[in-house]
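>>> Have a look at this prediction, sequence included:
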Amino acid sequence: MQALKRLIHFVLRHWPETALLSAALMLAVAHGFQSFLHLMPCTLCLKAREVYWVAIVLAVVAIVLKRTALGRKTAPWTDLALGLVFLFGAGLAVYHAGVEWHWWPGPTTCSGSGGGGSSAAGVQDLLAGAKAAAPACDKIVWSFLGLSMAGWNAIVSLKLAVWSFIAAANEPKTGLLK
């Protein structure tokens, strides 16, 4: 139990670094699925990646600020901002999962139609340098334990948001709840 308490304390004390590593790991996993399993991202998948890029930039800013005189004053606010970014990512992932389960329609950019290579004209377009159309957002191309990548992304993003808010509230001497 003491080891768990020490781990939690360490994570909270080094939250921007942990958030940075978590966001980078999520991007690495997404790119791994794309590169090694050849699962091309849909439009909403690419939007989800943008959330992690924003989190990485914000975490780097938080890490840099932490090493300045402003560090103590800005730490809870950067943690809060990270929480809001991850919460937005969780909402986007829930929306994407709902599109996959056909609970609501997705954006028109997620139709998966367009310059594919199924017709002779489509193949000709690809040979001329046109990009293949992104897959439709309402198709589940991979799942584990009944959850798609969007579902897992929602869980991870929500977890990261909660940790961010806890870190913001517990910053030593300057936490938002102090």
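Perfect, I can see it now.

>>> is it true that Ala59 touches His14?
No. Counting by CB atoms under 8 Å, Ala59 stays clear of His14, with 10.7 Å between them. All C-beta spots, glycine's among them, are computed from the backbone N, C-alpha and C.

>>> Name the helix or strand of the chain that has the lowest mean pLDDT.
Ranking every helix and strand in the chain by mean pLDDT, DSSP states H and E puts helix 120-127 at the bottom, with a mean of 54.

>>> more neighbours, Ala59 and His14?
Using other CB atoms under 10 Å as the criterion, Ala59 and His14 rank with Ala59 on top: 26 against 15.

>>> Ile140 belongs to a helix, doesn't it?
No. Judged by DSSP: H, G, I helix; E, B strand; the rest coil, Ile140 forms no part of a helix; its state is coil.

>>> Quick check: phi and psi on it?
phi -90, psi 110 (degrees, to the nearest 10).

>>> quick one, what contacts the closest residue to it other than its chain neighbours?
Closest residue to Ile140 apart from its sequence neighbours, by CB to CB, 6 or more residues apart in numbering: Ser148 at 4.5 Å. Listed by CB atoms under 8 Å, 6 or more residues apart in numbering, the contact partners of Ser148 are 97, 100, 140-142.
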